[in-house]
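Q: give me a 3D structure for the following:
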Amino acid sequence: MLEFDEVTHTYTLDGARIPSVTQILREWIELSHGFVNRRTGAFVSREIFLTAQDFGEAIHKAGYLILTGKGVDYGQLAPELLPALTSLNDWIEESGLQVELCEQPMASQRYRYAGRPDIIGKIRAYREKCLIDLKSGNHEMAGAQTSAYEWLYRENQGYRGKLLRFALNIPKDGGMCQLIACKGQDDWPYFLSKLSCWNYEHKKGE
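A: This is a model prediction of the structure:
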């Protein structure tokens with residue numbers, strides 16, 4: 001049985017803690033004065049990094065309320081969020097999005113990891129079912145991330161049909177949202193390699 005603690009963002013499967021897709025693919029290492037990307041070596045100051053992180057989390061929370069029909073009190077939102085959320089609302093209407101699942105916690109019994117795909121559903125431009133991940137910032141890991149969510153969806157729902165993977169780039173300035181296809185054949189093998197590294201680095205009792 002899967003348990004998800006939304007406060008700590010932790011997953012427990014059959015009584016054991018398992019990593020999330022976000023944890024497995026995390027690229028940034030925290031230092032005393034900022035964050036460094038373990039893959040590229042890029043450095044970002046603490047203030048800039050945390051501001052971007054907070055913005056992304058706020059967009060995801062508001063996006064969830066919009067996509068699930070729960071509604072957002074725009075009067076209570078920080079003004080800097082409004083342009084991006086307006087863009088998201090415009091895209092939802094123009095795309096004809098029909099949501100099947102939104103941020104539903106899922107876990108893989110086979111691979112022992114968990115996550116919450118942002119959107120599983122259909123849009124007007126494609127006949128096939130789509131998996132869409134919302135991005136308000138960097139989307140370099142979107143291919144590996146969406147491939148991990150695809151496995152979760154297929155394993156949990158028993159889905160064998162075609163599933164298109166996308167990142168939806170939501171501009172902070174209110175520009176048009178951009179749907180970016182994730183088609184890399186190496187996306188899933190790359191994720192599995194990162195999962196293997198995570199498991200190796202977090203071995204206990206050995």
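
Q: element containing the nearest residue to Thr12 once chain neighbours are set aside, please.
A: Once flanking residues are discounted, Thr12 sits nearest to Glu3: 4.4 Å by Cβ to Cβ, 6 or more residues apart in numbering. C-beta here means a position set from N, CA and C on the backbone, and glycine is covered the same way. Per DSSP states H and E, Glu3 falls inside strand 2-5.

Q: show me what the helix or strand following that strand is packed against.
A: As assigned by DSSP H and E, the chain's next helix or strand after strand 2-5 is strand 10-13. Counting contacts by 3 or more Cβ pairs under 8 Å, 6 or more residues apart in numbering; DSSP states H and E, strand 10-13 packs against strand 2-5, strand 16-18.

Q: CA atoms only: put the helix or strand harbouring Ile92 into PDB for me.
A: In this assignment (DSSP H and E), Ile92 forms part of helix 82-95. Extracted as PDB, the C-alpha positions of helix 82-95 are listed here (Å, rounded to 0.1, in the frame of the first residue of the first chain):
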ATOM      1  CA  LEU A  82      -0.800  36.200 -12.200                       C
ATOM      2  CA  PRO A  83       0.800  36.500 -15.700                       C
ATOM      3  CA  ALA A  84       1.900  32.800 -15.600                       C
ATOM      4  CA  LEU A  85      -1.500  31.600 -14.400                       C
ATOM      5  CA  THR A  86      -3.300  33.600 -17.000                       C
ATOM      6  CA  SER A  87      -1.100  31.900 -19.600                       C
ATOM      7  CA  LEU A  88      -1.900  28.500 -18.200                       C
ATOM      8  CA  ASN A  89      -5.600  29.300 -18.200                       C
ATOM      9  CA  ASP A  90      -5.500  30.400 -21.800                       C
ATOM     10  CA  TRP A  91      -3.600  27.200 -22.800                       C
ATOM     11  CA  ILE A  92      -6.200  25.000 -21.100                       C
ATOM     12  CA  GLU A  93      -9.000  26.700 -22.900                       C
ATOM     13  CA  GLU A  94      -7.300  26.700 -26.300                       C
ATOM     14  CA  SER A  95      -6.000  23.200 -26.100                       C
END
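
Q: can you list the buried residues in that helix?
A: Ala84, Leu85, Ser87, Leu88, Trp91, Ile92, Ser95 (16 or more other Cβ atoms under 10 Å).

Q: off-centre distance for that helix?
A: 18 Å (Cα atoms, centre = their mean, to the nearest Å).
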